[in-house]
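A.B. asks: Next one to model:
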Amino acid sequence: MDEVGIVSLTEEVKGGSKLGGGRRPWLVLGMLSVGVILAALDLTVVVAILTTMMNDLNVTLFEIDQGAWIVSAYLLAYTVTMPFMGRVSDVFGRRSVFLGALLIFVLGSIGAALANSLPLMIAARVVQALGGGAMVPVSMAVVGDLFPPRRRGLALGLIGAADTAGWIIGPLYGSFMLKWFQDVELKFLGSQPLSWRSVFWVNVPLGLLSAVLIFFALRPGKTIPVEVRERRKIDWLGVVLLALFLTGLNLALGGGKETAALGGAGLEKLEANPLKQYQIPLLIGTGVSLLLFILLELRIAHPLLNLRTFRRLTYTAANLTNFLIGGALVVALVGIALFVNATDTSDVIVEIAFHSALALAPLTLGMALGAILGGWLSDKWGYRWVTIGGLLLMVGGFLLMAQWQLDFRPPDALLKLFPGAGITGLGFGIVIAPVGTAVINSAEREDIGVAAALVLILRLIGMTVGISILSTWALNRYNQIKPQITDLSKLSGNDIRAPLVQVVTELFVAAAIISAVAILPALLLRRSPNAGLEEEEVARRREVGRLL
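C.D. replies: Just a heads-up that it's a prediction; the model follows:
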């Protein structure tokens, strides 16, 4: 049973000297990021190849809607696993939990590559997600172990950017893999052609290589703090209640709509919820689960989530900001995809998905650059003003996107999409690091794993709630302004597309408002990161053991 060793860096704290020197922690961070990216890619990679998969899995026309569970099942398991495995890593150590999660993900990938029916594919995707959902919060918790508070911003920004960028570029990656292997006449495992299965097979060598590297990079510590030994209990009832809450919320609000949009789905598909008739009971059950979870966590000695930490203003403000950021981010993802769907003249859904992925490129690039910049700035200047600066960039970027016109048709007019989407992505990337760092630095040190998971969960909840509300509003708005003509022969293509483009641009205005509202809790963040904790960090590292 191992506890991750806390890196003892070469620079001790002497007269105010800074911790965080050396290259080894950044090397470990790079190794962890491989697993994070693989897990994030597989969340959305299938949306571009779903039609091909359905044909190969012998799914009939009447069962085609069930194919959405290939995406939804992954999203559900991915989300539910995060807080549980975050706590498990707090109790049993980061190294063993991360390696176990990575191997589970690899096994799920093998199962998906070999699946010959829809039920087997869905089951394999759940196994994948159980491993993938654990890797992200555990990686963020390792950052909390490896880097002192003043040096966590950039590292957490890179992990957050890797996670978000992974599922944004997933459709583009899937389209590329499918096209590449369709042109190759190789066979793998007998008579099964590579084609879409290669998307899953490629995870196996990459995952195993990452596991070997991490096994040697993260050596188990030699001692375990007394407080950790005493907390070797997991709140299993809390795990069940939180899982019921997250599952019920996703099912009630039709979670996974953002991935459907990335796959080329139109507005009407986003509003549809196959469980709509059960929505009220699901919401009631979700509310009851949340209430019972809160009451339980406040009463027991070793809760899954220490709710008393919300008394800390920075912790609460950062989590609320993060929730609102999730709502704005999903508008960018879905809005860009819907815009491409409205303006693209292609009739091939795979091509539309590919063009959507290309249109998301400036958002992704902006996020990558912003994560580096935001992490560096937050380490120097603190959380508050860096977060507010990023949010202001998001407001400006969304307002630029609200000016998009019907003639901005991909792939020819992709350059016209770059300014708005790029600035929005830059702003979002900038806020990832300070918000995540504020949450983790405000948590108790034995709760870092759960705090890291909470950062991701609240963003995903914000996305789920945001897409549910905004997709319903968007469809109602579209029905109000669409041409009221029953004779379709009198309608041109632009007559049909123009109202949808108008709705999408109005969604971008709504996202600008959400981003502006997020500034209010961001103002409550402390001016600078936790100062004066370096000596405590050194003592903690000596107590827990050496990693490097």
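A.B. asks: Secondary structure element holding Pro137?
C.D. replies: Assigned by DSSP states H and E, Pro137 falls within helix 118-146.
A.B. asks: what's the next secondary structure element after that helix?
C.D. replies: helix 152-182.
A.B. asks: quick one, that next one and helix 118-146 angle?
C.D. replies: Calculated by axes from the mean of the first three to the mean of the last three Cα atoms, to 10 degrees, helix 152-182 forms an angle of 150 degrees with helix 118-146.
A.B. asks: For helix 152-182, buried residues please.
C.D. replies: 152-175, 177-178, 181 (16 or more other Cβ atoms under 10 Å). In this view, the C-beta of every residue, glycine as well, is placed from N, C-alpha and C.
A.B. asks: what helices or strands is that helix leaning on?
C.D. replies: The contact analysis (3 or more Cβ pairs under 8 Å, 6 or more residues apart in numbering; DSSP states H and E) places helix 152-182 against helix 24-44, helix 118-146, helix 198-201, helix 257-262, helix 349-359, helix 361-381, helix 414-442.
A.B. asks: which stretch in those has the least confidence?
C.D. replies: Lowest mean pLDDT within the helices and strands packed on helix 152-182: helix 257-262, a mean of 51.
A.B. asks: where's the most centrally placed residue in the chain relative to Val138, distance?
C.D. replies: The C-alpha lying nearest the average C-alpha coordinate of the chain belongs to Thr164 (Cα atoms, centre = their mean; 4.7 Å). Counting by Cβ to Cβ, to the nearest Å, the separation of Thr164 from Val138 is 17 Å.
A.B. asks: try Gln279
C.D. replies: Per Cβ to Cβ, Gln279 is found 34 Å from Val138.
A.B. asks: what do you get for Arg497?
C.D. replies: 45 Å.
A.B. asks: And Tyr173, by the same measure?
C.D. replies: Tyr173 is 23 Å from Val138, by Cβ to Cβ.
A.B. asks: Asp145 too?
C.D. replies: Taking Cβ to Cβ, one finds Asp145 at 10 Å from Val138.
A.B. asks: and Trp404, helix, strand or coil?
C.D. replies: At Trp404, secondary structure determined by DSSP: H, G, I helix; E, B strand; the rest coil is coil.
A.B. asks: Need phi/psi at it.
C.D. replies: Main-chain torsions, Trp404, degrees, to the nearest 10: phi -60, psi 150.
A.B. asks: Next, count neighbours for the residue nearest to Leu57 when sequence neighbours are not counted.
C.D. replies: With Cβ to Cβ, 6 or more residues apart in numbering as the criterion, Leu57 has its nearest non-adjacent residue at 5.3 Å, and that residue is Leu118. When counting by other Cβ atoms under 10 Å, one arrives at 18 neighbours for Leu118.
A.B. asks: What of Lys233?
C.D. replies: 12.
A.B. asks: thought it was touching His302?
C.D. replies: Yes: contact criterion Cβ atoms under 8 Å: Lys233 and His302 qualify, at 4.6 Å.
A.B. asks: Can you point out the buried residues in the longest helix along the chain?
C.D. replies: Longest helix of the chain, by residue count under DSSP state H: helix 448-481. Residues 448-468, 470-471, 474-475, 477-478 are the ones in helix 448-481 that count as buried (16+ other Cβ under 10 Å).
A.B. asks: elements contacting the helix or strand that that helix is followed by?
C.D. replies: Per DSSP H and E, the first helix or strand lying C-terminal to helix 448-481 is helix 493-517. Using 3+ Cβ pairs under 8 Å, 6+ apart as the contact test, the elements touching helix 493-517 are helix 313-343, helix 384-401, helix 448-481.
A.B. asks: Helix 493-517 to helix 313-343, inter-axis angle?
C.D. replies: Using the same axes, to 10 degrees: helix 493-517 against helix 313-343 is 170 degrees.
A.B. asks: Could you identify the helix or strand that succeeds helix 493-517?
C.D. replies: That would be, after helix 493-517 and using DSSP H and E, helix 519-522.
A.B. asks: If you count neighbours, what's buried in that next one?
C.D. replies: Those would be Ile519, Pro521, Ala522, for helix 519-522 by 16+ other Cβ under 10 Å.
A.B. asks: re the thing from before, so what secondary structure elements neighbour the longest helix of the chain?
C.D. replies: helix 69-92, helix 118-146, helix 236-252, helix 257-262, helix 267-271, helix 313-343, helix 414-442, helix 493-517.
A.B. asks: closest to Ala211 out of the ones you listed?
C.D. replies: helix 118-146 (10.9 Å; Cβ to Cβ).
A.B. asks: Flag every buried residue along that closest one.
C.D. replies: For helix 118-146, using 16+ other Cβ under 10 Å, the buried residues are 118, 121-146.
A.B. asks: Backbone dihedrals for Asp235, please?
C.D. replies: phi -80, psi 80.
A.B. asks: And it, how far from Leu454?
C.D. replies: Taking Cβ to Cβ, one finds Asp235 at 15 Å from Leu454.
A.B. asks: same question, Gly285
C.D. replies: For Gly285 relative to Leu454 (Cβ to Cβ), the value is 22 Å.
A.B. asks: end-to-end on stretch 435-451?
C.D. replies: End-to-end span of stretch 435-451 (Cα to Cα, to the nearest Å): 12 Å.
A.B. asks: Could you list the buried residues of it?
C.D. replies: Quick answer for stretch 435-451 (16+ other Cβ under 10 Å): 435-443, 445-451.
A.B. asks: Looking at the residues you listed, which is nearest Phe310?
C.D. replies: Ser442 (9.7 Å).
A.B. asks: could you measure the residue nearest to Thr505 when sequence neighbours are not counted against Gly326, distance?
C.D. replies: With sequence-adjacent residues excluded and distances taken as Cβ to Cβ, 6+ apart, Thr505 is closest to Ala402, at 4.6 Å. Distance of Ala402 to Gly326, given as Cβ to Cβ: 20 Å.
A.B. asks: Which one's more surrounded, the two?
C.D. replies: A count of neighbours by other Cβ under 10 Å puts Gly326 above the other of Ala402 and Gly326, at 23 against 18.
A.B. asks: what's near enough to touch that one?
C.D. replies: Going by Cβ atoms under 8 Å, 6 or more residues apart in numbering, Gly326 touches Leu458, Arg459, Leu460, Ile461, Gly462, Met463, Gly466.
A.B. asks: and it, what pLDDT?
C.D. replies: Gly326 is given a pLDDT of 90.
A.B. asks: The nearest residue to Phe323 once chain neighbours are set aside and Gly326: what is the separation?
C.D. replies: Leaving aside its sequence neighbours, Phe323 sits nearest to Gly462 (Cβ to Cβ, 6+ apart; 4.2 Å). Distance of Gly462 to Gly326, computed by Cβ to Cβ: 3 Å.
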